[in-house]
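Peer 1: Quick check, what structure comes out for this input:
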Amino acid sequence: MFIAMNRFRVKKGAEKEFEEVWLSRDTHLGAVPGFVEFHLLKGPEHEEYTLYSSHSVWQSRAKFEAWTKSEAFRLAHRDAGQNKPLYLDHPQFEGFEVLQTVRAGADAAA
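Peer 2: Next comes the predicted model:
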């Protein structure tokens, strides 16, 4: 499994608009091979910004990378530039290989 995360430092006062953009958009992820799930996370508030993160889970890094080169990716991100005024800077991408998963009522599994 592979987890892809983007961190967004959203300007104070722009949180509601940022959330509306994300919650109303078509992700185009449902039929993408290798896609498992997506989460939009709201983190701590700071003096100048509120931290958000998009968190998607993939069957593998290769499946994630294939999606970034797909038409579905282009469609999902086509209006992203219009939202620059909501952020302090560019989103920060972080990718992680999953080494362990622990679920309620189950033993650890890779």
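Peer 1: so what's the residue nearest to the spatial centre of the chain bridging to?
Peer 2: Nearest to the geometric centre of the chain sits Ser54, at 2.3 Å (Cα atoms, centre = their mean). Beta-bridge pairing for Ser54 (DSSP bridges): Asn6, Leu40.
Peer 1: That one is in contact with Leu40, isn't it?
Peer 2: Yes. Between Ser54 and Leu40 a contact is recorded at 5.8 Å, counting by Cβ atoms under 8 Å. Heads up, the C-betas are built off the backbone N, CA and C, glycines and all.
Peer 1: Quickly list what's touching both of these two.
Peer 2: By Cβ atoms under 8 Å, 6 or more residues apart in numbering, Ser54 and Leu40 have these common neighbours: Trp22.
Peer 1: How many residues are close by Phe38?
Peer 2: Counted by other Cβ atoms under 10 Å, the residues lying close to Phe38 total 13.
Peer 1: May I see the buried residues of the worst-scoring helix or strand of the chain on mean pLDDT?
Peer 2: Least confident helix or strand, the chain: helix 71-77 with a mean of 78, by mean pLDDT, DSSP states H and E. Using 16 or more other Cβ atoms under 10 Å as the test for burial, helix 71-77 gives 72-73, 76.
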